[in-house]
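Colleague: Give me a model of this one.
(2 chains)
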Number of protein chains: 2
Amino acid sequence: MGTDLHWLSIAEAAPLIERRELSPVDLVDACLERVEALDGRLNAFITLLADEARAAARGAADEIANGAYRGPLHGIPVGIKDIFAVAGAPMTAGSLIFRDVVSEEDSAVTGRLREAGAVILGTLNLHEIALGATGVNPHTGSARNPWNTGRITGGSSSGAAAAVAAGLCFAAMGTDTGCSVRIPAALCGVAGIKPTFGRVSRRGLLPLSWSLDHAGPLTRTTEDAAIVLQAIAGHDAGDPASSRIDVPDYSAALGDGVRGLRVGVPDRYFGDGLDTDVEAAFREAVRQIESLGAELIEFSPPHTDEMPGAIAAIMLPEAFAFHQKAMRERPDDIGEDVRYRLELGAAYPAVEYIQALRFREMVVEVWRKDVFGEIDLVATATSMIAARPIEVSDLSTTFSLIHNANPFNLLGTPAISVPCGFTGDGLPIGLQLVGRWFDEATVLRGAQAYETATDWHSRRPPL
Amino acid sequence: MGTDLHWLSIAEAAPLIERRELSPVDLVDACLERVEALDGRLNAFITLLADEARAAARGAADEIANGAYRGPLHGIPVGIKDIFAVAGAPMTAGSLIFRDVVSEEDSAVTGRLREAGAVILGTLNLHEIALGATGVNPHTGSARNPWNTGRITGGSSSGAAAAVAAGLCFAAMGTDTGCSVRIPAALCGVAGIKPTFGRVSRRGLLPLSWSLDHAGPLTRTTEDAAIVLQAIAGHDAGDPASSRIDVPDYSAALGDGVRGLRVGVPDRYFGDGLDTDVEAAFREAVRQIESLGAELIEFSPPHTDEMPGAIAAIMLPEAFAFHQKAMRERPDDIGEDVRYRLELGAAYPAVEYIQALRFREMVVEVWRKDVFGEIDLVATATSMIAARPIEVSDLSTTFSLIHNANPFNLLGTPAISVPCGFTGDGLPIGLQLVGRWFDEATVLRGAQAYETATDWHSRRPPL
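Modeller: Numbering: from 1, shown residues only, chains lettered A, B, ... in the order given. From the prediction side, this is the model:
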């Protein structure tokens, strides 16, 4: 197998592990070597759990040797955004405030990954408290884009995207409150799915905005996203928003192609202001999807102009409420951009927050009927722009990053980003596909059909 | 049967109806005569649906004659607080703003009462938009207390309490966001139960504060409360807070007495500042409950001092959000006290609202463990005071009315008020019994045991 073990997909590695042709110990060593070689440049990890990971890999190898193979995540090294509790490890949330907090218990997602046999390699860098889309972090240092280490990864799941894109781990858990799985996935050229609100438990995850927080995986292929999602989806009484709707077999939907699917292409908002290269790649992706047999339907997305204001009116006050004590007692330990956003949150009147929640209920019903009554998948560019240089990434960059991803946090629909091309200077571009509530299967099916017909996802960064 | 039909309890009338010894038509006529004779003084009804009620009673009589007896509400005249939709009738909410709104569909509760065979007699007076505890209403005129028509009924379900206490109907639906079923029940000498949050659907009910709104019946006996609750309890997808927990047979719990029940008597807060007569009646009621075999446990109620602030921080901004348009466009059509409360609601920062919701989650867990781990029922006086004269009832009166009832809206626990005595000048006093979440059965059992051993509930007002 040799030096390229780290580029296997989970779907490729799993049968080798099951047949004992590949040892989880070798896999974890390959990842740790890769981290050793590259993470000084990428800054993807916050806490590397090398010893624990090696021990877990040996445990997995023993289990499999004893015939107790658990499934496709057994022995697979994964990283966890440093905002999910990992028992015994610090959970910093990329913040000075939480730097010394060691988790006593696993988060729901960490626990389910372990049950599936995954090996936790360490915790991953992020935008401070997940409140930002660039990944620029004054405390931990910014994670760097594997395609150009002078560029941002996007955020907030910055380290997760960098680590998966650079082959430091096979999958990484991210969170997505306004874009934070999909934007770094797009900017780093990997797959990232935000499942339906309520599909994956947030227990043991530091809240940013509990009305909008979603947890989801970043992987190198859609098939791998389906594998990880299968392990982490499902009801958990520890998250009040967790749904009891049954979890289907996601892998069963893969390979069905897009023939017969009605793919909605918005006539405005999501296409307004895209960078030229992004626009061209998106248009080409849509043409490709049509050529694969999907029916394209142009539509006017309802209420999109009011959505960013509603999201801010929910996210910022909730974030401020959670971090109010830190803002009062340790404001200087909070980064400037995050402090600014939290101060905005402090200033909202209750009525604006409440009206935003009521607006969400209304707009969900409108989209359910007027959009998803006709359309199976909505296609947009994930981000309006590719990765900008770290030193010029600011609020205007943030606006262009989150614009197209953000509405689907308010709506709570599942949404995936998969690679769909490169800019002239070699930076990845993402295609976003959005489906009906709890219909991750169709989202994965569409993304995988596109992926199968293209090779963007199999390009590797020049590290 | 003659002239006293209107004083039958539902439990007394039902077997007569089932055996066709009593016609629903006679019952409705008895109520309509009583309304005709007394409602000029009581002002309990807003819209009397006399023709519709007579037609429904004839329909019920025909069904029963054909052997299709539906159960103990079949043919029973009930009133509905004018804040639940009744198809074809106006729903004024006691407000000029909604005066001309005719409901197209029944509320969930109205519909379930009709399915159970109840006859809707009309809609009942209330504090304007249910935002007040006195029942003083500048638009509809205040409902008047049957025990002394110069006194308030309490509110907001003012007409419901007056109508049931005066024998204008057999049961009435009320709502309770901060006390609004239990306070008028206490002040008018009838039973009123606020079921667990999520037990009874609020679909089709004009919201006051959806995080705190409860719907519940007022009746002349606990047994009748169990009958009505049985009909209206249970899951409804039309109310997002509606619970899927099974509804037990409430009548099965009645008659079991209080022997072996641990009844908690708070050592402070709920006893602070009771009027002398109220204090004496409450102490005597507690002694009586002990003499019936319950174990009394004195306890310190946790976090009660912080509860009123939290309730206000939830209720007032939600109420303002719902009535924001009316406050902007028609402020002069809103009563002074209600406008004042809505203006308070407009001034809350989002963070106070959010922290109040988070406080609720915390305090529910504390009470679940520290109070209801040890105690089956909490006993308090329902109100600190009896009915005050209408002309002096203001904000200070409101404080004394709501103080003891209010915390159980934040907690969401079931709570009943039953008559437990009279003041020196002949005004009813209420005993409040509070149980565990979704344990209405024990609340009803305790109240009925007390009622069986006393005769306060069978006294009739001097009309």
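Colleague: near chain B, which residues of the stretch 351-463 of chain A show up?
Modeller: By Cβ under 8 Å from any Cβ of the partner chain, the residues of the stretch 351-463 of chain A that approach chain B are A:351-355, A:358. For the C-beta atoms, the positions are set from N, CA and C on the backbone; glycine is no exception.
Colleague: Filter those down to just the ones in strands.
Modeller: The strands, defined by DSSP state E, take in nothing from these.
Colleague: Reduced to three states, what does A:Val263 come out as?
Modeller: Three-state assignment for A:Val263 (DSSP: H, G, I helix; E, B strand; the rest coil): strand.
Colleague: Please report the distance of the most centrally placed residue in chain A from chain B.
Modeller: Nearest to the geometric centre of chain A sits A:Val181, at 2.2 Å (Cα atoms, centre = their mean). Using Cβ to the nearest Cβ, to the nearest Å, A:Val181 is found at 24 Å from chain B.
Colleague: Next, the contact list for that residue, please.
Modeller: A:Val181 makes contact with A:157, A:160, A:174-175, A:192-194, A:214, A:216-218, A:417, according to Cβ atoms under 8 Å, 6 or more residues apart in numbering or on different chains.
Colleague: So A:Cys226: helix, strand or coil?
Modeller: Not quite, residue A:226 is Ala, not Cys. Note that with three-state DSSP, the state of A:Ala226 is helix.
Colleague: Please report the distance of it from B:Glu374.
Modeller: 49 Å (Cβ to Cβ, to the nearest Å).
Colleague: of these two, who's got more company?
Modeller: More neighbours surround A:Ala226 than the other of A:Ala226 and B:Glu374, with 29 against 11 (other Cβ atoms under 10 Å in any protein chain shown).
Colleague: what's the nearest residue to the more buried one if we skip its chain neighbours?
Modeller: A:Tyr250 (4.0 Å; Cβ to Cβ, 6 or more residues apart in numbering or on different chains).
Colleague: check contacts around that neighbour.
Modeller: The neighbours of A:Tyr250, taking Cβ under 8 Å, 6+ apart as the test, are A:226-227, A:229-230, A:440-441, A:444.
Colleague: what's the answer for A:Tyr269, then?
Modeller: A:Tyr269 touches A:301, A:304-305, counting by Cβ under 8 Å, 6+ apart.
Colleague: ok so it is a helix residue?
Modeller: No: under the criterion used here (three-state DSSP), A:Tyr269 is coil, not part of a helix.
Colleague: returning to that earlier point: columns pLDDT and neighbour count on top of the contacts of A:Tyr269, output as JSON lines?
Modeller: Formatted as JSON lines, the contacts of A:Tyr269 follow (pLDDT from 0 to 100; neighbours: other Cβ atoms under 10 Å in any protein chain shown):
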{"residue": "A:Pro301", "pLDDT": "98", "neighbour count": "19"}
{"residue": "A:Thr304", "pLDDT": "97", "neighbour count": "20"}
{"residue": "A:Asp305", "pLDDT": "95", "neighbour count": "10"}
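Colleague: and which of those residues is nearest chain B?
Modeller: Lowest distance from chain B to those (Cβ to the nearest Cβ) belongs to A:Asp305, with 20.5 Å.
Colleague: one step back: need the phi and psi values for the residue nearest to the centre of chain A.
Modeller: phi -90, psi -50 (degrees, to the nearest 10).
Colleague: That one and A:Arg287, how far apart?
Modeller: 26 Å.
Colleague: coming back round to it: in helices, which of the contacts of A:Val181 fall?
Modeller: A:Ala160 (DSSP state H).
Colleague: buried stuff in stretch A:103-116?
Modeller: Buried residues in stretch A:103-116, counted by 16 or more other Cβ atoms under 10 Å in any protein chain shown: A:103, A:106-114, A:116.
Colleague: Let me see the residues that make contact with that stretch.
Modeller: A:56, A:70-71, A:73-74, A:78, A:80, A:84-91, A:120, A:173, A:200-205, A:215, A:228, A:231-232, A:236, A:238-239.
Colleague: Does the residue of the stretch 51-200 of chain A found nearest chain B belong to a helix, a strand or coil?
Modeller: Proximity of the stretch 51-200 of chain A to chain B (Cβ to the nearest Cβ) peaks at A:Gly198, 12.4 Å away. Here A:Gly198 is coil, with the state taken from three-state DSSP.
Colleague: tell me, how many neighbours does it end up with?
Modeller: Around A:Gly198 there are 19 residues (other Cβ under 10 Å).
Colleague: quick one, what contacts it?
Modeller: When contacts are counted by Cβ under 8 Å, 6+ apart, A:Gly198 touches A:241-243, A:245, A:412.
Colleague: try 6 Å
Modeller: A:241-243 (Cβ atoms under 6 Å, 6 or more residues apart in numbering or on different chains).
Colleague: and if you look at A:Ala143?
Modeller: Contacts for A:Ala143 were tallied using Cβ under 6 Å, 6+ apart; they are A:43-44, A:125, A:135, A:153, A:158-159, A:162.
Colleague: Same question for A:Ser9.
Modeller: Applying Cβ under 6 Å, 6+ apart, we find A:Ser9 in contact with A:220-221, A:224.
Colleague: Relative to A:Ala231, how far out is it?
Modeller: Remark: distance between A:Ser9 and A:Ala231 (Cβ to Cβ) = 15 Å.
Colleague: same deal with A:Ala55?
Modeller: Counting by Cβ to Cβ, the gap from A:Ala55 to A:Ala231 is 20 Å.
Colleague: can you pull the contacts of the residue nearest to A:Gly421 when sequence neighbours are not counted?
Modeller: Excluding the flanking residues, the one nearest A:Gly421 by Cβ to Cβ, 6+ apart is A:Ala281, at 3.2 Å. Contacts for A:Ala281 (Cβ under 6 Å, 6+ apart) come out as A:420-421, A:429.
Colleague: do you know how far A:Ala281 is from chain B?
Modeller: Counting by Cβ to the nearest Cβ, the separation of A:Ala281 from chain B is 39 Å.
Colleague: What is the burial count for the residue of the stretch 101-250 of chain A at minimum distance from chain B?
Modeller: As assessed by Cβ to the nearest Cβ, chain B sits closest to A:Pro240 within the stretch 101-250 of chain A, at 8.4 Å. Burial of A:Pro240 is recorded as 11 neighbouring residues (other Cβ under 10 Å).
Colleague: So it versus B:Ser209, what's the distance?
Modeller: 19 Å.
Colleague: Could I get the residues of the stretch 351-463 of chain A next to chain B in TSV, plus columns for pLDDT and neighbour count?
Modeller: TSV is the format used below for those (pLDDT from 0 to 100; neighbours: other Cβ under 10 Å):
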residue	pLDDT	neighbour count
A:Val351	98	23
A:Glu352	98	20
A:Tyr353	98	28
A:Ile354	98	27
A:Gln355	98	18
A:Arg358	97	15
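Colleague: for those residues, which one is nearest B:Thr452?
Modeller: For these, the residue nearest B:Thr452 by Cβ to Cβ is A:Ile354; the value is 45.0 Å.
Colleague: The closest one: what's it in contact with?
Modeller: Applying Cβ under 6 Å, 6+ apart to A:Ile354 gives the contacts B:317-318, B:321.
Colleague: Tabulate those (CSV), appending distance to A:Asp275.
Modeller: CSV is the format used below for the contacts of A:Ile354 (distance: Cβ to Cβ, whole Å):
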residue, distance to A:Asp275
B:Pro317, 41
B:Glu318, 42
B:Ala321, 39
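Colleague: Tell me the one among these nearest to B:Pro24.
Modeller: B:Glu318 (39.4 Å).
Colleague: Just the strands from chain A, written as ranges.
Modeller: A:45-48, A:77-81, A:119-124, A:144-145, A:148-152, A:171-176, A:191-194, A:214-219, A:262-266, A:295-299, A:377-381, A:415-422, A:428-434.
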